[in-house]
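Peer 1: missing the sequence, but the structure's below:
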């Protein structure tokens, strides 16, 4: 008896459940049919409500979505229509009408590439003249330059937000996510540098150290020097590869569309898979990345190795030491020449060619002898060219770079004005000396006559004292 009761309960439950399902199915059909009636009466909003009721009951019926999409299309809600047609395609990917209608919605929103893809898939599923006509029409439009320009302007506007987001990411990586490294280059001491070059046997005829002797190419020296001047070795090295990659991604978004357009115009291959997008984008990225590197000439890695730069630092240290030694040798040679009478004879011979230069050099000589030197203005000086001061005593000086001897009148004139300058002594510098009469006038007075021989002797004396 209990078994019979149990079987009857299961039977009743089964019948009730199936009746409920059929009732629900009938209800979804009812809403769909009523939606069709409203659609035919151009009550598109009412039709959408009924189609939505049908979908709420059964969401796995593709034509419920396509019917609602048609109603949205009629209200010019093309994006909503595209969404519903996409749902219908997911449920029934073999229905050519779904693709055709979604292609029409894409076409009306300016998504011509997507429209062309949909029309091609629709034509492959069901070949008909209407679909073929739509395909040819879009292809013909793409051959119009004005249409292409406007299309790519629309594309640019469409991805503007994405481009801005990528730009912010680029800035973030530029300022905060920069890869850094601190090169460890060897720094040579003077003692180590002297071990790599014989500085004791250097002469003025010794050529400078050759780069090849330090395992360096001479063509690289200028570049290494520029690298050194920028002090890159003392700062963190910035790797620009991340920045270039983001630029390449942005460029790839545009280049991908170009490749997509070319594919649609010149091939019959529909792009209804994610793999197609991935392949095209990878191609776009590779082209963009390589192009940006070639155009910008930004190096993603330092092209100076630590080994090369270490050799360069050694070479630079040796070269600097060589230049210092050559300079020292030149100064020593110059000092030797300064002690020679012939050097100072030529020196004063050149100085006397210009009267003002002659006065300047005489002043410099007496300055080295410990005098405070004041050169007069040259006019209204009463014949005085230089005023010397030492131990609170003043001495007036007149200079004559003549090639002939100076007579007594000029010598007397200088002596006569000395007191006007508060001086007790006088020095008459005459390159060629003075006459006997002039010399006789100076006897018994604090008056010196200086000729070229005296100038040479004083110059040798001063420079010899400088060396000591």
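Peer 2: Received the coordinates, thanks. All values reported here derive from a predicted model rather than from experimental measurement. Numbers count the residues shown, from 1 in each chain.

Peer 1: Three-state assignment for residue 370, please.
Peer 2: Secondary structure state of residue 370, per DSSP: H, G, I helix; E, B strand; the rest coil, is coil.

Peer 1: Not counting residues beside it along the chain, what's closest to it?
Peer 2: Of all residues not flanking residue 370 in the chain, residue 390 sits nearest, at 6.1 Å (Cβ to Cβ, 6 or more residues apart in numbering). Placement of C-beta: from N, CA and C, glycine included.

Peer 1: Now that neighbour: phi and psi?
Peer 2: phi -150, psi 130 (degrees, to the nearest 10).

Peer 1: now the one 4 residues further on
Peer 2: Backbone dihedrals for residue 394, given as degrees, to the nearest 10, come out at phi -100, psi 150.

Peer 1: and the gap between the residue nearest to residue 370 and residue 429?
Peer 2: Computed as Cβ to Cβ, to the nearest Å, the residue 390 to residue 429 distance reads 16 Å.

Peer 1: Neighbour count for these two, which is higher?
Peer 2: Set side by side, residue 390 and residue 429 show more neighbours around residue 429, with 24 against 14, by other Cβ atoms under 10 Å.

Peer 1: Secondary structure element holding that one?
Peer 2: strand 425-430 (DSSP states H and E).

Peer 1: following that strand, which helix or strand shows up next?
Peer 2: That would be, after strand 425-430 and using DSSP H and E, helix 436-442.

Peer 1: That next one: which residues count as buried?
Peer 2: Residues of helix 436-442 classed as buried: 438-439, 441-442 (neighbour count, 16 or more other Cβ atoms under 10 Å).

Peer 1: Check which helices and strands that helix sits against.
Peer 2: helix 408-417, strand 447-450 (3 or more Cβ pairs under 8 Å, 6 or more residues apart in numbering; DSSP states H and E).

Peer 1: which residues touch it?
Peer 2: 405-408, 410-412, 415, 428, 447-449 (Cβ atoms under 8 Å, 6 or more residues apart in numbering).

Peer 1: Can I get these in a markdown table including neighbour count?
Peer 2: Shown next, in a markdown table, are the contacts of helix 436-442 (neighbours: other Cβ atoms under 10 Å):
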| residue | neighbour count |
| --- | --- |
| 405 | 16 |
| 406 | 21 |
| 407 | 12 |
| 408 | 16 |
| 410 | 16 |
| 411 | 25 |
| 412 | 13 |
| 415 | 19 |
| 428 | 26 |
| 447 | 18 |
| 448 | 14 |
| 449 | 18 |
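
Peer 1: re the thing from before, dump the buried residues of helix 436-442 into JSON lines; add pLDDT and distance to residue 60 as well.
Peer 2: Listed next are those as JSON lines, based on pLDDT from 0 to 100; distance: Cβ to Cβ, whole Å:
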{"residue": "438", "pLDDT": "93", "distance to residue 60": "134"}
{"residue": "439", "pLDDT": "92", "distance to residue 60": "135"}
{"residue": "441", "pLDDT": "93", "distance to residue 60": "137"}
{"residue": "442", "pLDDT": "92", "distance to residue 60": "133"}
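
Peer 1: Of those residues, which is the nearest to residue 423?
Peer 2: The closest of the buried residues of helix 436-442 to residue 423 turns out to be residue 442 (Cβ to Cβ; 14.9 Å).

Peer 1: Quickly note the distance from the closest one to residue 366.
Peer 2: Noted for residue 442: a distance of 18 Å to residue 366, by Cβ to Cβ.

Peer 1: Give me the pLDDT for the residue lying closest to residue 371 once chain neighbours are set aside.
Peer 2: Spatial nearest neighbour of residue 371, excluding adjacent residues (Cβ to Cβ, 6+ apart): residue 388 at 4.3 Å. At residue 388, the predicted lDDT confidence score is 94.

Peer 1: three-state assignment of residue 388?
Peer 2: Following three-state DSSP, we place residue 388 in the strand state.

Peer 1: Outside of stretch 335-350 itself, list whatever touches it.
Peer 2: Stretch 335-350 is contacted from outside by 361, 431, 452, 455-456, 459-460, 463-464, 467, using Cβ under 8 Å, 6+ apart.

Peer 1: ok, 7 Å please
Peer 2: 452, 455-456, 459-460, 463-464, 467 (Cβ atoms under 7 Å, 6 or more residues apart in numbering).

Peer 1: cool, and stretch 57-71?
Peer 2: 24-25, 27-28, 32, 35-36, 39, 44, 47-48, 51-52, 54-55, 81, 84-85, 87-88, 91-92, 95, 98, 101.

Peer 1: tell me which residues of that stretch are tucked away?
Peer 2: Within stretch 57-71, the residues scored as buried using 16+ other Cβ under 10 Å are 57, 61-71.

Peer 1: can you tell me which of the residues you listed are in helices?
Peer 2: 57, 62-71 (DSSP state H).

Peer 1: Farthest-apart pair in the residues you listed, please.
Peer 2: Longest distance between any two of these is 19.3 Å, between 57 and 70; criterion Cβ to Cβ.

Peer 1: follow-up on the earlier one: paired strands for the strand holding residue 429, with orientation please.
Peer 2: Paired neighbours of strand 425-430 in the sheet (DSSP bridges): strand 393-400 (parallel), strand 447-450 (parallel).

Peer 1: re earlier: thought the residue nearest to residue 370 was touching residue 373?
Peer 2: No: Residue 390 is not in contact with residue 373 according to Cβ atoms under 7 Å; the separation is 10.0 Å.

Peer 1: for the stretch 1-150 of the chain, which spans come out with low pLDDT?
Peer 2: Low-confidence segments of the stretch 1-150 of the chain (pLDDT under 70): 1-26, 139, 142-150.

Peer 1: Could I get the full set of helices for it?
Peer 2: 2-40, 44-57, 62-74, 78-91, 96-108, 112-125, 129-142, 145-158 (DSSP state H, counting those that start in this stretch).

Peer 1: ok so, going back, in strands, which of the contacts of stretch 335-350 appear?
Peer 2: Applying DSSP state E to these, no entry is found in strands.

Peer 1: Separate out the buried members of those.
Peer 2: Neighbour-count burial (16+ other Cβ under 10 Å) is assigned, among the contacts of stretch 335-350, to 452, 455-456, 459-460, 463.

Peer 1: that older thread, could you give the average pLDDT over the strand holding residue 429?
Peer 2: 94.

Peer 1: Could you do stretch 198-209 as well?
Peer 2: On average, stretch 198-209 scores 78.

Peer 1: what's residue 359 in contact with, if anything?
Peer 2: Contacts for residue 359 (Cβ under 7 Å, 6+ apart) come out as 375, 385-386, 399.

Peer 1: Among those residues, name the buried ones.
Peer 2: Buried among the contacts of residue 359 (16+ other Cβ under 10 Å): 375, 385-386, 399.
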